[in-house]
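Student: structure, please.
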Amino acid sequence: MIDRIRALPKAELHLHIEGTLEPELAFELARRNGVQLPFATVEALARAYEFSDLQSFLNLYYQCMSVLRKPADFADLADAYLQRAARDGVRHVEMFFDPQAHTSRGVPLDDVVAGLREAVQAAPARHGVSAALIACFVRDRPVAEAMHTLEGLAAHLDVIKGVGLDSAEVGNPPGAFREVFAAAEQLGLRKVAHAGEEGPPAYVWEALDVLGVERVDHGIRAAEDQSLLRRLATDRVPLTVCPLSNVRLHCVESLADHPLPRLLEAGVLVTLNSDDPAYFGGYVADNYLAVARELALDLDTLAVLARNSLLASFTDLELVAEAAEQPA
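Tutor: Model (predicted):
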């Protein structure tokens, strides 16, 4: 089954590049940069990848980022992910990165983008994957800081395709970033936002109507609001759903409880993604396989999900046009 899943051409649209930092690479970069991680071994760090909620994950996530210091670190991180994504049948990726998580600890934005640009530009020839960047604003940091970050991003529009909103959702509604997203739109950037992961369906409405997002990241709590489901289905607003992440962060108790079937039944354009795969126990093909097993989805349904990912992407690849011509 996994080979048939990997054979499906797909895009990955909800992938935090910092969340692909495997324990082995974290230790390698720590040695390279003279950073002392608070774990004695790779195995001890791997054991720490157990979380009770989103915040407990974020605590470790930001701690491990300390090993990323130089352009080469970001290039190596992204290249390792792209190589693995290619094996999973990913033909296009729109990867998130968190500029503020790096600039706040003294890493220049230009260095972060330079490293990621190197990997992105090499990816078509090296891995057969096209890639673009989506810069995410950290929603539990000041709005003014996000606007300042956007000003810095304006120098890198050759490789940055859009902006997003991530980090701790509860208590941090999307609407606070209205002006930042409006300014991003003026720069020609596409707009997405995390909403409805731990936060309520109201956050999804706000992301749509206040920020004007074109895709909703996660969005699984939309299943609790029938009028919202109708809106998403009618307007063909994609959801970038991350099943293994949802389970690991206890947004759902188990994959058997996941609202994915309800979202599909409602006609929502759902895509499958891995979120932070190094931390959540699976890359994109693992997510496809897990829902196939736990939710009894057949290969035809998985093919629809893969096709959805191409249609929901912001790329102009001929691959997307071909996908649009195929029957659902």
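Student: tell me the mean pLDDT for stretch 239-254?
Tutor: If you average the pLDDT over stretch 239-254, you get 96.
Student: what's the end-to-end length of it?
Tutor: One end of stretch 239-254 sits 19 Å from the other (C-alpha to C-alpha, to the nearest Å).
Student: list the buried residues of it.
Tutor: For stretch 239-254, burial by neighbour count (16 or more other C-beta atoms under 10 Å) applies to L239, T240, V241, C242, P243, L244, S245, N246, V247, R248, L249, C251. For the C-beta atoms, the positions are set from N, CA and C on the backbone; glycine is no exception.
Student: tell me how far that stretch lies from the chain's centre.
Tutor: Centroid separation between stretch 239-254 and its chain, computed with C-alpha atoms, centre = their mean, to the nearest Å, is 13 Å.
Student: swap in stretch 142-154?
Tutor: Centroid displacement of stretch 142-154 relative to its chain, using C-alpha atoms, centre = their mean, is 20 Å.
Student: same thing with stretch 172-182?
Tutor: Distance of stretch 172-182 from the chain centroid (C-alpha atoms, centre = their mean) equals 19 Å.
Student: rewinding a little: tell me which of the buried residues of stretch 239-254 fall in helices.
Tutor: Among the buried residues of stretch 239-254, the members falling in helices are P243, L244, S245, N246, V247, R248 (criterion: DSSP state H).
Student: mind putting those residues into CSV with distance to A312?
Tutor: Shown next, in CSV, are these (distance: C-beta to C-beta, whole Å):
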residue, distance to A312
P243, 16
L244, 19
S245, 18
N246, 18
V247, 22
R248, 23
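Student: and which of the residues you listed is nearest R139?
Tutor: Using C-beta to C-beta, S245 is the member of those that lies nearest R139, at 17.1 Å.
Student: my guess is Y62 contacts A101. True?
Tutor: Yes - contact criterion C-beta atoms under 8 Å: Y62 and A101 qualify, at 6.2 Å.
Student: who has more neighbours, the two?
Tutor: A101 (22 against 16; other C-beta atoms under 10 Å).
Student: leaving out sequence neighbours, find the closest residue to that one.
Tutor: Counting by C-beta to C-beta, 6 or more residues apart in numbering, A101 lies nearest to M65, which is 5.8 Å off, once chain neighbours are set aside.
Student: thought the one you found was touching H102?
Tutor: Yes - using C-beta under 8 Å, M65 is in contact with H102, at 7.2 Å.
Student: which neighbours do those two have in common?
Tutor: Common contact partners of M65 and H102 (C-beta atoms under 8 Å, 6 or more residues apart in numbering): none.
Student: do you know how far F74 is from L211?
Tutor: Going from F74 to L211 by C-beta to C-beta, to the nearest Å gives 27 Å.
Student: same check, this time on A266
Tutor: A266 is 22 Å from L211, where distance means C-beta to C-beta.
Student: and for L297?
Tutor: 31 Å.
Student: comparing those two, which residue is more hemmed in?
Tutor: Counted by other C-beta under 10 Å, L297 and L211 do not tie: L211 has more neighbours, with 25 against 19.
Student: what secondary structure does the residue lying closest to I17 once chain neighbours are set aside sit in?
Tutor: Among residues not flanking I17 along the chain, M95 sits closest, at 4.7 Å (C-beta to C-beta, 6+ apart). For M95, the secondary structure call by DSSP: H, G, I helix; E, B strand; the rest coil comes out as strand.
Student: residues near M95, how many?
Tutor: Neighbourhood size, M95 [other C-beta under 10 Å]: 25.
Student: same question, the one 3 residues further on
Tutor: Other residues near D98 come to 25 when the count uses other C-beta under 10 Å.
Student: residues in contact with it?
Tutor: D98 is in contact with H16, E18, A135, C136, V138, D166, S167, counting by C-beta under 8 Å, 6+ apart.
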